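Undergrad: turn this into a model:
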Amino acid sequence: MANPWAGEVGLVIDGQHHVLKLTLGALAELEAGLKAGTLLGLVERFEAGQFSSRDVLMLIVAGLRGGGWQGHAPDLMQADIEGGPMAAARVAAELLARAFTVPGERAG
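TA: A predicted model of the protein is given here:
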């Protein structure tokens, strides 16, 4: 079960529940993968609703890695995400919000 107070978000992939979390290491890996741009730019794209499917995939992978998953982005290319792409985008947005919000504060 994901603990939102610890910055965790749950996601079901191929019928298996995963806990995702953007740890400092996961954030560093995410930032390195952005190539051009910053985490702030990524946050701004999500806030403006201008994110790409690549952004969502990178966030999901980083969150999974922060939760202990040992896989890589290509492992998710054929995966069945419960709720589809919209659920994946929601989880990605929640990960960002929880990573950069102090518990007890409201995001936005």
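Undergrad: switch to C-alpha atoms for all contacts and neighbour counts from now on
TA: Will do.
Undergrad: my read is that Leu30 contacts Leu59, right?
TA: Yes. With contact defined as CA atoms under 8 Å, Leu30 reaches Leu59; the gap is 7.0 Å.
Undergrad: which intervals of the chain have sub-threshold pLDDT?
TA: When residues are selected by pLDDT under 70, those of the chain lie in 35-36, 102-108.
Undergrad: which element is the closest residue to Val43 other than its chain neighbours on?
TA: Leaving aside its sequence neighbours, Val43 sits nearest to Leu96 (CA to CA, 6 or more residues apart in numbering; 6.9 Å). Secondary structure assignment for Leu96, by DSSP states H and E: helix 84-99.
Undergrad: by contact count, what packs against that helix?
TA: Here helix 84-99 touches strand 8-13, strand 16-21, helix 53-66, going by 3 or more CA pairs under 8 Å, 6 or more residues apart in numbering; DSSP states H and E.
Undergrad: would you mark the buried spots in it?
TA: Buried residues in helix 84-99, counted by 16 or more other CA atoms under 10 Å: 88-89, 91-99.
Undergrad: out of the helices and strands packed on helix 84-99, deepest packed?
TA: Highest mean neighbour count of those: helix 53-66, a mean of 22 (counted as mean count of other CA atoms under 10 Å).
Undergrad: shouldn't Leu57 be in contact with Ala73?
TA: Yes. Between Leu57 and Ala73 there is a contact under CA under 8 Å: 7.2 Å.
Undergrad: which other residues reach stretch 20-38?
TA: 2, 7-11, 39, 58-60, 62-67, 95-96, 99 (CA atoms under 8 Å, 6 or more residues apart in numbering).
Undergrad: in it, which residues are buried?
TA: Neighbour counts using 16+ other CA under 10 Å place 20-23, 26-27, 29-31 of stretch 20-38 among the buried residues.
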